[in-house]
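[1] A structural model of the following input is requested.
(one chain, ligands or ions: 2)
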Amino acid sequence: MAETVIGVIGGSGVYEIAGLEEAEWRRVDTPWGAPSDEILVGRLEGVTMAFLPRHGRGHVHSPTSVPYRANIDAMKRLGVTDIVSVSACGSFREEMAPGDFVVVDQFIDRTFAREKSFFGEGFVAHVSVAHPTCARLGAAVKAAAEAEGIRVHDGGTYLAMEGPQFSTIAESRMYRDVWGADVIGMTNMPEAKLAREAEICYVTVAMVTDYDSWHEDHGTVDITEIIATLTGNADKARRLVRRLPGLLGGAREACAHGCDRALEHAVLTAPDKRDPALVAKLDAVAGRIL
Ligand SMILES: CSC[C@H]1O[C@H](OP(=O)(O)O)[C@H](O)[C@@H]1O
Ligand SMILES: Nc1ncnc2[nH]cnc12
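    Residues are numbered from 1 along each chain as shown. Ligands and ions are numbered 1, 2, ... in the order given. Model prediction:
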C-alpha cells in the first residue's frame, strides 16, 4: 500500500488553508517553470497535505497565465497521489444555486491559449480522459461536503472557457441549452488533463457563485456578487478539505479506476526515437514508466 498525499489546488478566494501541523511554504522548481506560488506542505490527522493557491497568494495569475504544467509537476514531485481542485464557478442550472457545491465528473474544454500536455514531439503519449475525474475521490469529497452540511450535487459537466471575460448571453444560453453544461469556470482545463497525464487522481469541487448570464431573474454575471459569495464558499471549502484525511486515510491501494496507471500503454514513441531532453523533463510526471 502506498502513502496517501492529498493535494489541494485552491481557486479564487481560497489562498490558504489553516490547521496543518508542521506546515511550511515550500518552493518547488520544475522543468516547466515555477508553479503559481510556493506550496504549503503539512500534515492533518497524520496524512500529508500539499496546498497550492492556483492564482498565487494575492491573485497574480489570470486563468490563461496559470502555469498549469508546473503546478501539476510540482504536486507530483511532492508525492501527491490525489488532487482536489476547489474552484469558483457559474451555474447553468436553477437547482445548482449560489453557495452550492458540485462534484464535477465531466468537462467540455473550450480553452485555446494554454499548454495542454506534458508530451509532444519526441515523446508522444495519448491518455484517456473519457472519465476525467476520479470516482473514488469524488465519493470522498461528496461525503466530506455532506458531513459539513454543505448542499452538494453529485455529478455535473464543467465547461472550461478561456476568459478572462465572462460569457455573452448568447454563449451562456448555448452552453446551457445546446451543450448541456451544468457549470462554467476558467481553470480546471487543462489542469484535469495534466493530472491524468501525471497519473494523479483528480476531482473538482465546483463552488457556485452565480447564475452566469442566462437566468432572466438574476440578470447578468456581476463580479461584486461573485466576490461576496466567494467568501462564504471559501470557508465551506476549507471545512470540506479538513474532512478529507479522515475519509481517504493515510494508506491507499491502487486506484480502482486506473488514474494512477494512465500511462501504462499510452506512449507511442519508440525508446530509440525519444528526445532525451523531453524525457529528462518528464522525470517526475512519467518517472514510473521511464
Ligand atoms: C472569481 S471570478 C472568475 C475566476 O474564478 C474562477 O477561478 P478558479 O477556478 O481558480 O476558482 C474562474 O475559473 C475564474 O478564473
Ligand atoms: N460565470 C462564470 N463564468 C466563468 N467563470 C466563473 N467563475 C465564477 N463564475 C463564473
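
[2] Is residue 40 inside a helix or a strand, and which specific one?
    Element membership for residue 40 (DSSP states H and E) is strand 39-44.

[3] ok, now residue 245?
    helix 223-248.

[4] can you give me the strands in the chain?
    2-3, 5-10, 21-26, 39-44, 47-53, 82-91, 101-104, 106-109, 152-154, 157-160, 183-185, 201-210, 251-252 (DSSP state E).

[5] ok, residue 66 touching residue 187?
    Yes - in this structure, residue 66 is within contact of residue 187 by CB atoms under 8 Å, at 6.2 Å. C-beta: built from backbone N, CA, C; applies to glycine.

[6] Between the two, which is the more surrounded one?
    Remark: of residue 66 and residue 187, residue 187 carries more neighbours, 29 against 23, as counted by other CB atoms under 10 Å.

[7] any low-confidence regions in the stretch 51-200 of the chain?
    Within the stretch 51-200 of the chain, not a single segment meets pLDDT under 70.

[8] how close does the closest residue to residue 243 other than its chain neighbours sit to residue 137?
    Among residues not flanking residue 243 along the chain, residue 144 sits closest, at 3.7 Å (CB to CB, 6 or more residues apart in numbering). Computed as CB to CB, to the nearest Å, the residue 144 to residue 137 distance reads 10 Å.

[9] what do you get for residue 65?
    Counting by CB to CB, the gap from residue 65 to residue 137 is 27 Å.

[10] on contacts alone, who are the packing partners of the strand holding residue 40?
    strand 21-26, strand 47-53, helix 223-248 (3 or more CB pairs under 8 Å, 6 or more residues apart in numbering; DSSP states H and E).

[11] out of these, which comes closest to ligand 1?
    With CB to the nearest ligand atom, the closest approach to ligand 1 among the helices and strands packed on strand 39-44 belongs to helix 223-248: 5.0 Å.

[12] residues in contact with the residue in the stretch 151-290 of the chain positioned nearest to ligand 2?
    Residue of the stretch 151-290 of the chain nearest ligand 2, by CB to the nearest ligand atom: residue 212 (4.0 Å). Applying CB atoms under 8 Å, 6 or more residues apart in numbering to residue 212 gives the contacts 90, 91, 92, 166, 167, 172, 175, 176, 184, 221.

[13] Could you dump these into a markdown table and include distance to residue 45 and neighbour count?
    Below are those laid out as a markdown table (distance: CB to CB, whole Å; neighbours: other CB atoms under 10 Å):
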| residue | distance to residue 45 | neighbour count |
| --- | --- | --- |
| 90 | 34 | 28 |
| 91 | 32 | 27 |
| 92 | 36 | 24 |
| 166 | 39 | 19 |
| 167 | 40 | 22 |
| 172 | 41 | 23 |
| 175 | 39 | 24 |
| 176 | 40 | 22 |
| 184 | 34 | 28 |
| 221 | 38 | 21 |
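
[14] what's the farthest-apart pair in the residues you listed?
    Greatest spatial distance in these: 166 and 176, 13.9 Å, computed using CB to CB.

[15] re the thing from before, just give me the neighbour total for the residue nearest to residue 243.
    25.

[16] measure it to residue 236 for me?
    Taking CB to CB, one finds residue 144 at 10 Å from residue 236.

[17] What does the pLDDT read for the closest residue to ligand 1 within the chain?
    Nearest residue of the chain to ligand 1 (CB to the nearest ligand atom) works out as residue 11 at 2.1 Å. Listed pLDDT for residue 11 reads 97.

[18] Just to check, it is in contact with residue 187?
    Yes - with contact defined as CB under 8 Å, residue 11 counts as touching residue 187 (6.3 Å).

[19] CA atoms only: put stretch 225-236 into PDB for me.
    Below are the C-alpha coordinates for stretch 225-236, written out as PDB (Å, rounded to 0.1, in the frame of the first residue of the first chain):
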ATOM      1  CA  GLU A 225     -21.800  39.500  -6.300                       C
ATOM      2  CA  ILE A 226     -19.400  36.700  -7.100                       C
ATOM      3  CA  ILE A 227     -16.800  38.000  -4.600                       C
ATOM      4  CA  ALA A 228     -19.500  38.300  -1.900                       C
ATOM      5  CA  THR A 229     -20.500  34.600  -2.500                       C
ATOM      6  CA  LEU A 230     -16.800  33.500  -2.800                       C
ATOM      7  CA  THR A 231     -16.100  34.400   0.800                       C
ATOM      8  CA  GLY A 232     -18.800  32.100   2.300                       C
ATOM      9  CA  ASN A 233     -17.800  29.400  -0.200                       C
ATOM     10  CA  ALA A 234     -14.100  29.600   0.700                       C
ATOM     11  CA  ASP A 235     -14.900  29.000   4.400                       C
ATOM     12  CA  LYS A 236     -17.000  25.900   3.400                       C
END
